[in-house]
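Chemist: Pasting the sequence and the predicted model now:
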Amino acid sequence: MSRGMIVLIAAVVLPSSAMGQPVRAVVDCHAARLDGAERETCASPDLMRLTVELDRTTARLESTLTGRNREALIDTEGPFRIQRNNCQNAAAHVHDCIEHLLRARLDTLTTAVTLPESILSEIGRYASLTFASFVKWGDQLVGKRVSVWGCMALDPGRTPESRTRGKIRQYSSPPPTQGPYVTALFTGMNDTAATWFYDAKKPCGYWYGVVERRDGWFVLAQMEPNALKN
């Protein structure tokens with residue numbers, strides 16, 4: 001890339017997957033703290049069976065896939081777990097949500113045993129991605145709604161309503177002021193939201209928008225002023 005600042009999209013940071021290390025789906029049911037989806041999985045023999053089968057198939061593919069196919073497998077392991085755990089928000093349908101995700105991924109991985117390149121279909125299935133994964137797979141995310149984990153700095157403007165652009169940088173404490181960033185494009189802004197951005201001094205959290213390509217760059221667009229979800 002020839003332009004000065006590299007524009008990237010960040011997302012939920014998973015240290016193990018970000019380092020290219022396997023992230024297992026199996027749940028430690030004896031852990032001191034389990035979220036709702038993990039408790040549901042541990043309480044269901046069927047879900048535990050599917051989870052163990054998924055891990056076995058994953059391990060098999062990790063030892064046989066190569067190149068971008070193996071990278072796609074590993075880069076989607078963490079995002080899959082995030083989406084599985086988010087099933088705890090499905091109210092009375094937690095079990096069905098988990099089962100659907102487990103079966104869908106297991107079907108894809110089973111197909112990849114004999115058709116390795118089919119694993120690429122997993123890219124873009126999950127809304128939460130690591131920073132490194134987006135850099136690698138951004139082309140396949142265009143048009144998808146994703147969550148970005150980072151700290152927002154709203155660009156200045158003459159009026160609050162004109163402050164519809166910002167920069168999301170990878171999360172750190174204190175919030176970073178330099179380095180790679182996501183260009184954020186809001187659909188609109190109001191005085192209350194714009195004032196809050198400046199008072200909060202680069203708020204950090206999960207940001208939601210749609211991935212678009214603008215002038216050769218990927219940006220997080222179609223964002224609402226309340227796009228921060230803690």
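Modeler: Now that the structure is in, tell me what you want to look at.
Chemist: any low-confidence regions in this protein?
Modeler: When residues are selected by pLDDT under 70, those of the chain lie in 1-25, 129-132, 134-135, 229-230.
Chemist: Where do the strands of it begin and end?
Modeler: 145-154, 165-170, 181-186, 204-214, 217-223, 228-229 (DSSP state E).
Chemist: could I get the first one in CSV with only the CA atoms?
Modeler: Taking only C-alpha atoms (Å, rounded to 0.1, in the frame of the first residue of the first chain), the coordinates of strand 145-154 have been written out as CSV:
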residue,chain,number,x,y,z
ARG,A,145,-22.1,-6.0,9.5
VAL,A,146,-19.2,-6.5,12.0
SER,A,147,-18.2,-5.4,15.4
VAL,A,148,-15.0,-3.6,16.0
TRP,A,149,-13.3,-3.5,19.4
GLY,A,150,-11.3,-0.3,19.8
CYS,A,151,-11.1,3.3,20.9
MET,A,152,-12.9,6.0,18.9
ALA,A,153,-11.5,9.5,18.2
LEU,A,154,-14.2,11.6,16.5
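Chemist: Okay, buried residues for it please.
Modeler: By neighbour count on 16 or more other C-beta atoms under 10 Å, the buried set for strand 145-154 is 146-154. Every residue, glycine included, has its C-beta placed from N, CA and C.
Chemist: And the residue nearest the centre of this structure?
Modeler: Ser128 (1.2 Å; C-alpha atoms, centre = their mean).
Chemist: how much space between Ala227 and Thr183?
Modeler: 14 Å (C-beta to C-beta, to the nearest Å).
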